[in-house]
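# Mind folding the following:
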Amino acid sequence: MNGGVSCIKTLALALFAAALLVMVSGCGFHLRGATPLPAQMAVTYIQGTSPFDPLNNEFRSALEGRGAQVTGEREAAGAILRIFENRTSTEVLTVDSAGKAEEYEIRQTIRFDVISADQQVLVAGQTLSMNRYLRYIRTNVLGTEREGELIRKELRRSLVNLAMLRIAAAGGRRAD
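Next up, the predicted model:
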């Protein structure tokens, strides 16, 4: 008898999940994923940073992850991602009674736009900025430095993700 009850519960759960899936898909909900880029960005040139710059690498990975090809030749590109600013700053937030820094703010700012090969603005100038806090531990200087580098890397990655969402949103508006 327990086997029959278990089978009914499993069937009811499966039916509930199927009904939920139908309702969610019917309301226009889609799982967050790679939103399509503007069509002109199928082949993109990144301008304003060195090809070896970590920000360039993050944008390259993000673009390629969404199906775009990144080219090193501007003439071959359908779109140009222009990076006007890539700035990281570190400021002291708090000091101890001896005047030594205890806490820092690490801030990363990028400014960019996207234009087509024929100079049409696909994404107007955007400025994105994020910050994180870092507690300086004098007894673990190397660990604190490593944590600072990890924070800088995560800020870069987060800003590129935000930039890609804005680029994709601009592409979606153009398609409508």
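
# For the host helix or strand of residue 163, list every residue counted as buried.
Here residue 163 sits within helix 141-175, counting by DSSP states H and E. By neighbour count with 16 or more other Cβ atoms under 10 Å, helix 141-175 contains the buried residues 147-148, 151-152, 155-156, 159-160, 163-164, 166-168, 170-171. For the C-beta atoms, the positions are set from N, CA and C on the backbone; glycine is no exception.

# repeat for stretch 99-107
Under 16+ other Cβ under 10 Å, the buried positions of stretch 99-107 are 101, 104, 106.

# Averaged pLDDT, that stretch. What do you get?
The average of the pLDDT scores along stretch 99-107 is 88.

# ok, now stretch 86-96?
Stretch 86-96 shows a mean pLDDT of 89.

# Also stretch 168-176?
Across stretch 168-176, the average pLDDT comes to 65.

# And stretch 150-158, by the same measure?
94.

# how about the strands in this protein?
43-47, 69-71, 79-95, 101-116, 121-135 (DSSP state E).

# Which of the residues in the first one are classified as buried?
Going by neighbour count (16+ other Cβ under 10 Å), the buried part of strand 43-47 is 43, 44, 45, 46.

# Report all helices and strands that the helix holding residue 163 contacts.
Contacts defined by 3 or more Cβ pairs under 8 Å, 6 or more residues apart in numbering; DSSP states H and E place helix 141-175 against helix 54-65, strand 79-95, strand 101-116, strand 121-135.
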